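[1] Here is a sequence with its predicted model. Questions after.
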There are 2 protein chains.
Amino acid sequence: MLYLIGLGLGDAKDITVKGLEVVQRCSRVYLEAYTSILTVGKEALEEFYGKELIFADRETVEQDADIILKDAHLCDVAFLVVGDPFGATTHSDLVLRAVKLGVPYRVIHNASILNAVGCCGLQLYNFGETVSIVFWTEAWKPESFFDKITKNRKNGMHTLCLLDIKVKEQSLENLMRGKKIYEPPRYMSVNQAAEQLLAIVQNRRQEGEEPEVTENTVCVGLARVGAMDQKIASGTLQEMTTAELGGPLHSMIITGTLHPMEIDMLKLFALNKIIFENC
Amino acid sequence: MLYLIGLGLGDAKDITVKGLEVVQRCSRVYLEAYTSILTVGKEALEEFYGKELIFADRETVEQDADIILKDAHLCDVAFLVVGDPFGATTHSDLVLRAVKLGVPYRVIHNASILNAVGCCGLQLYNFGETVSIVFWTEAWKPESFFDKITKNRKNGMHTLCLLDIKVKEQSLENLMRGKKIYEPPRYMSVNQAAEQLLAIVQNRRQEGEEPEVTENTVCVGLARVGAMDQKIASGTLQEMTTAELGGPLHSMIITGTLHPMEIDMLKLFALNKIIFENC
C-alpha cells in the first residue's frame, strides 16, 4: 500500500494520530522536500517518528517514481508531504503511477495553506482562484498572476498568493557545466511579493490602465501559518513592503469585498487600524 | 487560553498529535456539533481522548459563548470542530468574543472538506467560489448557488458544493407550540443535490435560457472524505442522481475546464468511463 500522508504546517506534532501510526509501521518512508517546509527539519521528524526518512526531491518524484513504489504491492510505503498531499501541489502523478502498477493507495489528509489561511478571519468561501507569485529574474518578469487577482477582485473575491520557493536550484553556470552544485534555498517574503506587485501597478499605469489593485488595496501577510510563532499582518499593499514577518514560509492575500465580520478579524492583525475605519 | 482545534474528517484518530495533547490537558472540552459530523460519535471521541466532552450546539456558540469562555483566562478550554476551525464554517465570532474578554487563543489546524476534496484529482488551484446547496421546501426554492456555479464555469473554474445539514431542527408545529422537540438530523445526499440542480436547469430552459450547466456536465460526488470507507464517483450531473455513495456527509463538485491530468484522475472514479473519451 502507498500512503500519501499530510504533515500539516507547523512542526513534527502536526501529523495526525492516524498518520503517525501508519508512518511507524511502514517499511520505507519518503519525505517530499521541494514544495514546502515545516519549521523543523528532517532530523526532528525522524526523532519524533522513531523512523528514518528518505528525502524525495523533485527529480525522484517526477522521473523516478518507480523507486518510491518499488514492492509497494507487497509492503507499506509512506510518502510524506508538508500540508496536505493534494493541497497546493497535487501528487496526482504519483497516484496515477501507483494505480498503473497495481499498487493500492490511501490518503491521510491534513491542513494545508489553502484552508489554514482562514485563521486571518477571511472566509474561505470568498476566495477565488489561487495564484503563485514567482521570483522575477532580469529576463523573466511574468505578470499573469496580476490579471487573475484583478479578475477575483472584480468578482468580490479574495486571492491567496502562494510565494515562490527555490530549493535545489542550480546557477546557470553550474547547470551549463553539468555540475550538480545547488544554490542555497530561497523563499519569497511578503515584502518581495508586494514589491513585485507594486512594480506591476506602475507598469499598468504607464500603459494607461487604472489598475484594480493599488498601493491602498487591503492585503494580509502571513508567515509560518500553523506554527507556534505564526505571524499575521493586515494592511495596505504598500505597508506589506515593510511588514516584518520573520522567517519562511510566507503567503499573502489580496482582499476582495470585505464583510463586517472579516473586517473585525483583520483589525486584530492591523499594522495600522486607521485603514479599516473607512472599510 | 482558548484552543480552537480541528478534528479532521474521518474518525477519532484524525486529530493531530498536538491537538490530542492539548485536549488531554484542558479543563473543559467542547465539541461543536452542528456544522459537520465525523464517522464516529461523541462517545468514541471521549474514549479515545480519555476526556469528557460537552456538546456545544448552535444556540450556545452563537448566543452563550461566554459559557464556553468562562475562566478561560485562568485555565485551558478546548473547542473542537470537525474539519478545520476556519474551514467551511468560521468561528470568527468566538475568537472575537475571546479577544474582547482578554482571553488569548490559539488555533490547531486540520484538514477540512475545502482542501481534502483535492483527493479526487481536481486541482484546488482551479476552484472558484464555494457554494452551499440547501434543502428546498415547498415554499422556498433558492437558486442563487446555480448562478455562482455558472460564473465559476464561465471562468473555467470548478465549484465545490457543500450540501445542507439539518441538525436540531424543530418542526413548524413544535416551533409554534414552543416545544423543544427536535427532528432527526438530515444530511443532503449527492442524489438530492443533483435533482435540485436539474430542476433549476429545467426552470432556466423554460425561461428561454441556455444554461451553462446541463445534464451532461461532468460532476464528482464525494462521500465521507477522509474516512476509511470514503467514496468518490465521477460522471454526468444526470448520473449523480442515482450514484450510490452511502451514508453522510456528501459533497459535490461541478467541474469547470478539465486539464489532462485531472481527467486521468477522474477516470479512476468514473461511473462510466465513456463520458471522458471526448473531454
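    Yep, it's here. Numbers count the residues shown, from 1 in each chain, chains lettered A, B, ... in the order given.
[2] can you list contacts of the lowest-mean-pLDDT helix or strand in chain A?
    The element with the least model confidence among the helices and strands of chain A, by mean pLDDT, DSSP states H and E, is helix A:172-176, at a mean of 85. Applying CB atoms under 8 Å, 6 or more residues apart in numbering or on different chains, the external contacts of helix A:172-176 come out as A:Lys180, A:Ile181. The C-beta positions use only the backbone N, C-alpha and C, and glycine is treated the same way.
[3] what's the distance between the helix or strand that comes right after it and the middle of its chain?
    Moving toward the C-terminus from helix A:172-176, the next helix or strand (DSSP states H and E) is strand A:186-187. Computed by CA atoms, centre = their mean, to the nearest Å, the chain-centroid distance of strand A:186-187 equals 12 Å.
[4] cool, stretch A:267-279 as well?
    26 Å.
[5] The residue in the stretch 101-250 of chain A that chain B sits nearest to: what's it in contact with?
    Distances between the stretch 101-250 of chain A and chain B by CB to the nearest CB are smallest at A:Gly118, namely 2.9 Å. Residues counted as contacts of A:Gly118 (CB under 8 Å, 6+ apart) are A:Leu124, B:Asp84, B:Pro85, B:Phe86, B:Gly87, B:Thr90.
[6] Repeat that for A:Ser36.
    A:Ser36 neighbours (CB under 8 Å, 6+ apart): A:Val81, A:Val82, A:Gly83, A:Ala88, A:Thr89, A:Ile113, A:Ile165, A:Leu249.
[7] Kindly recompute the last result at 6 Å.
    For A:Ser36, the contacting residues are A:Val82, A:Gly83, by CB atoms under 6 Å, 6 or more residues apart in numbering or on different chains.
[8] Out of the contacts of A:Gly118, flag the one nearest to A:Ala12.
    Checking the contacts of A:Gly118 against A:Ala12 by CB to CB gives B:Asp84 as the nearest, at 19.6 Å.
[9] Need the pLDDT of that closest one.
    pLDDT, B:Asp84: 96.
[10] Considering the contacts of A:Gly118, which possesses the most neighbours?
    B:Asp84 (34 neighbours; other CB atoms under 10 Å in any protein chain shown).
[11] mind showing which ranges of chain A have poor pLDDT?
    A:88, A:278-279 (pLDDT under 70).
[12] got the residues of it near chain B?
    A:13-14, A:16-18, A:84, A:86-87, A:90, A:92, A:96, A:107, A:109-112, A:114-116, A:118-119, A:121, A:123-125, A:130, A:226, A:261, A:264-265 (CB under 6 Å from any CB of the partner chain).
[13] So which of the residues you listed sit within strands?
    Secondary structure from DSSP state E places A:Val107 of the residues of chain A next to chain B in strands.
[14] Weed out the non-buried ones from the residues of chain A next to chain B.
    Neighbour counting by 16 or more other CB atoms under 10 Å in any protein chain shown classes A:13-14, A:16-18, A:84, A:86-87, A:90, A:92, A:96, A:107, A:109-112, A:114-116, A:118-119, A:121, A:123-125, A:130, A:226, A:264-265 among the residues of chain A next to chain B as buried.
[15] how about the strands of the stretch 101-250 of chain A, start to end?
    Counting by DSSP state E, counting those that start in this stretch, the stretch 101-250 of chain A has strands at residues A:105-108, A:131-133, A:159-163, A:165-166, A:186-187, A:218-223, A:231-236, A:250-254.
[16] who's in contact with the third one?
    Counting by CB under 6 Å, 6+ apart, strand A:159-163 makes contact with A:88, A:117, A:127-128, A:130-133, A:149, A:152, A:188, A:193, A:250, A:252-254, all of which sit outside it.
[17] in the stretch 51-200 of chain A, which spans are helices?
    A:58-63, A:65-69, A:92-100, A:113-116, A:144-154, A:172-176, A:190-206 (DSSP state H, counting those that start in this stretch).
[18] Name the stretch among these that sits most buried.
    helix A:113-116 (a mean of 28; mean count of other CB atoms under 10 Å in any protein chain shown).
[19] CA-only coordinates of it in PDB, if you can.
    Output of helix A:113-116 as PDB, limited to C-alpha atoms (Å, rounded to 0.1, in the frame of the first residue of the first chain):
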ATOM      1  CA  ILE A 113      -2.100  26.600   3.500                       C
ATOM      2  CA  LEU A 114      -5.200  26.600   1.300                       C
ATOM      3  CA  ASN A 115      -7.500  26.100   4.200                       C
ATOM      4  CA  ALA A 116      -5.300  27.300   7.100                       C
END
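[20] which other helices and strands contact it?
    helix B:113-116 (3 or more CB pairs under 6 Å, 6 or more residues apart in numbering or on different chains; DSSP states H and E).
[21] tell me how far the helix it packs on is from the chain's mean position?
    The answer for helix B:113-116 is 9 Å, by CA atoms, centre = their mean.
[22] What of stretch A:208-215?
    26 Å.
[23] repeat for stretch A:22-33
    22 Å.
[24] What of stretch A:239-258?
    How far stretch A:239-258 lies from its chain's middle: 13 Å, per CA atoms, centre = their mean.
[25] got the buried residues for it?
    A:239-241, A:243, A:245, A:248-256, A:258.
[26] now the end-to-end length of that stretch.
    18 Å (CA to CA, to the nearest Å).
[27] Noted, bye for now.
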